[in-house]
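Undergrad: Got a predicted structure here, sequence first:
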Amino acid sequence: EVQLVESGGGLVQPGGSLRLSCVASGFTFSSYAMSWVRQAPGKGLEWVSAINSIGGSTSSIDSVKGRFTISRDNAKNTLYLQMNSLKPEDTAVYYCAKFTSSGWGRGMDYWGRGTLVTVSS
């Protein structure tokens, strides 16, 4: 059974930092691209960042470039999202998601339950 379990969310002041983690199990983690997707209160899903299976290529939305860094440790079956210079508009539930291939050219087929990030003073 595929499982994706996120952690690391919480309340942080504007300008602060958080690191999200996603521990994967039930599949060969190193064979698949992974992604972070978020949903702000009252809004739809927004793709944030993706990384290919070996971690050699990443992509992110413009609003987080220079502030968020996606990474992975295939030996630990873990995906990370380092978030710096957080803004109130980053407040959302952050989900870890698995792509159906080693790259992100195709869709995502499994999602975690999410971790809440609240940026507020």
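TA: Ah, there it is. Residues are numbered from 1 along each chain as shown.
Undergrad: Name the nearest residue to residue 92, sequence neighbours excluded.
TA: residue 38 (3.8 Å; C-beta to C-beta, 6 or more residues apart in numbering). C-beta coordinates here come from the backbone N, C-alpha and C atoms, glycine included.
Undergrad: check contacts around the residue nearest to residue 106 when sequence neighbours are not counted.
TA: Nearest residue to residue 106, sequence neighbours excluded (C-beta to C-beta, 6+ apart): residue 100, at 4.8 Å. Applying C-beta atoms under 8 Å, 6 or more residues apart in numbering to residue 100 gives the contacts 32, 106-109.
Undergrad: And these, which is closest to residue 2?
TA: The closest of the contacts of residue 100 to residue 2 turns out to be residue 109 (C-beta to C-beta; 8.2 Å).
Undergrad: OK, contacts around the closest one?
TA: So residue 109 contacts 98-100 (C-beta under 8 Å, 6+ apart).
Undergrad: Am I right that it is in a helix?
TA: No. The assignment for residue 109 (DSSP: H, G, I helix; E, B strand; the rest coil) gives strand, which keeps it out of a helix.
Undergrad: State the distance from it to residue 120.
TA: 33 Å (C-beta to C-beta, to the nearest Å).
Undergrad: How is residue 63 assigned, secondary-structure-wise?
TA: Per three-state DSSP, residue 63 ends up helix.
Undergrad: That one - how many residues pack around it?
TA: 13 (other C-beta atoms under 10 Å).
Undergrad: Would you quantify the distance from it to residue 38?
TA: From residue 63 to residue 38 the distance is 11 Å (C-beta to C-beta).
Undergrad: Could you do residue 6 as well?
TA: 11 Å.
Undergrad: overlap in contacts of the two?
TA: Common neighbours of residue 6 and residue 38 (C-beta under 8 Å, 6+ apart) are 94-95.
Undergrad: Not counting its neighbours along the chain, what's nearest residue 71?
TA: residue 80 (4.8 Å).
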